[in-house]
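Engineer: let me see the structure of the following:
(2 chains)
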Amino acid sequence: MVYKCPNCGADLEYSVEQNKMVCRFCESSFEVSEMEEVRRKAQAMQQSQTKQQSQPIFSHQTQFSGSSDTFKDFFGQNYDPSQIGDYNTLLDRKDEKEAKIQARSKATLSMQIMKCTSCGGELAINGVESSTFCAYCGQATVVVDRVEDYLQPDYIIPFKIPKADAERIIRERMNDGFFIPKKFKNFQVEKLRGIYIPFWLMDLHYHDIQYYKYTVKQGKSTVTKYALREAQTDFKKLTTDASLKLNDTSSSRLEPFDMRQLKEFQAEYMSGYYADRFDLGIDEVKPAARSKAAELFDAGVKETVKHSGAKLVSKKPRVDFKDAQYAMLPAWFLTFKQDHQQYTILVNGQTGKMVGAFPFDKAKAIGVFVALAFVFSLIMVPIGVTLTNYMALDVGFDDRITYFYFVIVSIVDGFLWTSAVKLYMRMKRSISLTRDSDINEFVKERQSRS
Amino acid sequence: MLFIFTIVGLLFGLSIGVGIAAVITISAMKKSNDIGDSQGTLRDFDATIDILNSEDGLRKYIP
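Structural biologist: Predicted coordinates:
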C-alpha cells in the first residue's frame, strides 16, 4: 500500500519530527488518525483522473441485473442473509480465533514479486519484508497482505528518534570513547536504515521453588545452610524477538523500550521505514521467552536472599503462557566498513540507546596499562615483600596465619586475573556481534532507496 | 631464606599490582568501546515478585 497526498498525489511518509504523515513533494502534513479520510480523498482524486483518461477509450458500461440484497436458496425462495442464525456466526468466530492462533504459532514465508504503483518497476520482496521502498523511484510501500488479518500487528511504537539524530547519537558517543581509534570515529556511513523489528509481547505466569546454599560461621566451624524461596510473578508484555535473522543478544541489548508508549497498530507509521513481519511464530519463541523470564525472575528472587555468597542450587520453575501480542518496535541500523570489516551499530528508535562495540586503540591501551601497572606495582611490591617476609620469617612458616596469608593472596590474585580475562572476553564477544555478518545482511539485503 | 621470601613477596606484589592495572584498563576499555552492553530489567516488564514462602537457616533441602 502506498499513501498518496490528496493535494498533489506524491508519497506520504511518517515524519518523526512532526508526528504526522508528511508529503515529500508539497510538504502538506496530515494527522495519522486522519489517514482514513485522506486515503478516501486520494482514491477519489485518482479515480477521477483515471475516468478522465479512460473516457475516450472505453465508451460502454457493463450493467449487472438484479438487486444485490436479493438472495435465493436451493428451493428458489428468497431469504435475507442477515437472518442466518447466530450458530454460524459463532462457528466463524471460533474458527477465526483458531485460525489466528495457527497463523501466529508458526511462520510461513514466501517471496513476492511486486509492481511499483509509481514507476511500474518490478521488486523482489523477500519473505519477511512488510514495508520497503521501490529500488527504482524510492516510493515508500507497505506490503499490505503481511500486515493485515491475522498477521496484523497488535501494537507499534512509532520512531521517536529522527534519522539525523540517530547518526549524531552514534558520532557523539563514539567521540567520547577514549580507546576508540580515530579512524573509527571518522567512519563513513554505508547504510543508515530505520527498521521496525517484529517482537512478541508475552504475558506469562512464572512460579518457582528455589533453594539457595550458603555458609555461616558457628564458633570455629563453618556450617552449610539453605534458604527456601517460593515465589511467583506475572510478566506482562515480556519482549521476545520474533526475527530469525536478528540475533537475540543484539535485540535484547536494544531494550528497554517504554511500553507505556505502545500504540494500536496503524500501517501509516511504517510508511517511510523498513519493516519485517515475524519469521518466528509464538511456539518457536516460547523457549527464548521462558529463559528470559527465568533470568529476570532468578535475579529478582536472589535479591531477597541476604546471605553473602548464596548460590542457587535447586529450582522447579512452572511457566504458564497466557497471551502473546504482536508488536513492531523501532530501531536504526547503521553500517560502515573499516579495515575490510563490516560493522553494524544499532540505536533504539524510541529511546536513543546505542548498541555497538569497536576494536581498541592498541597504543593507548598499552600506554594506560603500563602506566597503571607501574604505579600499582610500586605500591604492591613493597607491601608484598614486607608482608611475606614478616609472615614467613617472623610469624613462622608453620603457623596457620602464614598459611592463610598465602592462600588469600593466591585467591585475590586469581580473582583479579579471572575478572580481567572475563571482561576481555565479554568485550571481544560484543565486538564480534557488531561485526556479525548476519546482522549486516539483515540491514543490507533490502531495496535501496534511489 | 630471606632472599627466597623477598622474591616470593616481589612476585605477589607484582602479580597483584599488574592484575589491578589489567582489571582497571580493561574495564575502562570496555566502558569506552563496548557501548550499550546492558539488557532490560524486571522493572521494564512491570512485574513484581510475590514471595509466597521464605525460610532461612534450613539444614537440608529437597531437590
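
Engineer: would you map the helices across chain B?
Structural biologist: In chain order, chain B shows helices spanning B:2-33, with DSSP state H as the criterion.

Engineer: where does it get nearest to chain A, residue-wise?
Structural biologist: Chain A sits closest to residue B:13 of chain B, with a gap of 2.8 Å, by Cβ to the nearest Cβ. Quick note: C-beta positions are derived from backbone N, CA and C, even for glycine.

Engineer: measure that residue to residue A:402 for me?
Structural biologist: Plainly put, residue B:13 is 17 Å away from residue A:402 if you go by Cβ to Cβ, to the nearest Å.

Engineer: just the pLDDT at residue A:310, thanks.
Structural biologist: Among the per-residue scores, residue A:310 holds a pLDDT of 92.

Engineer: which helices and strands sit right next to the strand or helix carrying residue A:300?
Structural biologist: Here residue A:300, judged by DSSP states H and E, is contained in helix A:282-302. The criterion is 3 or more Cβ pairs under 8 Å, 6 or more residues apart in numbering or on different chains; DSSP states H and E, and the helices and strands that helix A:282-302 contacts are helix A:86-105, strand A:191-218, strand A:221-241, strand A:311-315, strand A:318-338.

Engineer: change it to 7 Å
Structural biologist: helix A:86-105, strand A:191-218, strand A:221-241, strand A:318-338 (3 or more Cβ pairs under 7 Å, 6 or more residues apart in numbering or on different chains; DSSP states H and E).

Engineer: what comes into contact with that helix?
Structural biologist: The contact list for helix A:282-302, computed with Cβ atoms under 7 Å, 6 or more residues apart in numbering or on different chains, reads A:104-106, A:200, A:202, A:204, A:206, A:208, A:210, A:229, A:231, A:233, A:235, A:238, A:240, A:242, A:248, A:312, A:317, A:319, A:321, A:324, B:42, B:49.

Engineer: repeat for stretch A:413-420
Structural biologist: B:15-16, B:19-20, B:22-23, B:26.

Engineer: anything in the helix-or-strand element of chain B with minimal mean pLDDT near chain A?
Structural biologist: The helix or strand of chain B with the poorest confidence is strand B:34-35; it has a mean of 89 (mean pLDDT, DSSP states H and E). Yes - between strand B:34-35 and chain A, judged by Cβ under 7 Å from any Cβ of the partner chain, the touching residues are B:34-35.

Engineer: which strands or helices does that strand pack on?
Structural biologist: In this structure, strand B:34-35 packs against strand A:354-357, with contacts taken as 3+ Cβ pairs under 7 Å, 6+ apart.

Engineer: ok, now with 8 Å
Structural biologist: Secondary-structure packing of strand B:34-35 (3+ Cβ pairs under 8 Å, 6+ apart): strand A:354-357, helix A:400-434.

Engineer: what stretches of chain B score poorly on pLDDT?
Structural biologist: Within chain B, the segments meeting pLDDT under 70 span B:39-47, B:63.

Engineer: nearest residue to the middle of it?
Structural biologist: The geometric centre of chain B, computed from its C-alpha atoms, lies nearest to residue B:23 (Cα atoms, centre = their mean), at 10.9 Å.

Engineer: neighbours around residue 19, how many?
Structural biologist: I went with chain A, as the question did not name one. The criterion is other Cβ atoms under 10 Å in any protein chain shown. On that basis, residue A:19 has 15 neighbouring residues.

Engineer: try again with chain B
Structural biologist: Residue B:19 has 22 neighbouring residues, counting by other Cβ under 10 Å.

Engineer: can you get me a residue count around the residue lying closest to it once chain neighbours are set aside?
Structural biologist: On the basis of Cβ to Cβ, 6 or more residues apart in numbering or on different chains, the spatially nearest residue to residue B:19 that is not a chain neighbour turns out to be residue A:416, at 3.3 Å. When neighbours are counted by other Cβ under 10 Å, residue A:416 registers 19.

Engineer: tell me the spacing between residue A:416 and residue A:358.
Structural biologist: From residue A:416 across to residue A:358, the span is 25 Å (Cβ to Cβ).

Engineer: can you check residue B:53 too?
Structural biologist: In this structure, residue B:53 and residue A:358 are 48 Å apart, going by Cβ to Cβ.

Engineer: so if I had to pick from the two, which one is more boxed in?
Structural biologist: residue A:358 (25 against 9).

Engineer: centre of the chain to the helix or strand hosting residue A:379, how far?
Structural biologist: When secondary structure is defined by DSSP H and E, residue A:379 falls within helix A:362-389. On the basis of Cα atoms, centre = their mean, to the nearest Å, the separation between the geometric centre of helix A:362-389 and that of its chain is 43 Å.

Engineer: kindly report the same for stretch A:193-212.
Structural biologist: 12 Å.

Engineer: return the alpha-carbon coordinates of that stretch using PDB.
Structural biologist: These are the backbone C-alpha positions of stretch A:193-212, laid out as PDB (Å, rounded to 0.1, in the frame of the first residue of the first chain):
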ATOM      1  CA  ARG A 193      18.100   2.400   7.900                       C
ATOM      2  CA  GLY A 194      15.100   2.700  10.100                       C
ATOM      3  CA  ILE A 195      13.700  -0.800  10.600                       C
ATOM      4  CA  TYR A 196      10.600  -1.900  12.600                       C
ATOM      5  CA  ILE A 197      11.600  -5.200  14.300                       C
ATOM      6  CA  PRO A 198       8.900  -7.700  15.000                       C
ATOM      7  CA  PHE A 199       8.500  -8.700  18.600                       C
ATOM      8  CA  TRP A 200       6.100 -11.000  20.600                       C
ATOM      9  CA  LEU A 201       4.900  -9.400  23.800                       C
ATOM     10  CA  MET A 202       4.400 -12.400  26.000                       C
ATOM     11  CA  ASP A 203       2.100 -12.500  29.100                       C
ATOM     12  CA  LEU A 204       3.100 -15.300  31.300                       C
ATOM     13  CA  HIS A 205       2.800 -16.600  34.800                       C
ATOM     14  CA  TYR A 206       6.000 -17.800  36.400                       C
ATOM     15  CA  HIS A 207       6.200 -19.800  39.600                       C
ATOM     16  CA  ASP A 208       9.300 -21.400  41.100                       C
ATOM     17  CA  ILE A 209      10.500 -23.100  44.300                       C
ATOM     18  CA  GLN A 210      14.200 -22.300  44.700                       C
ATOM     19  CA  TYR A 211      16.800 -23.400  47.300                       C
ATOM     20  CA  TYR A 212      20.000 -21.300  47.900                       C
END
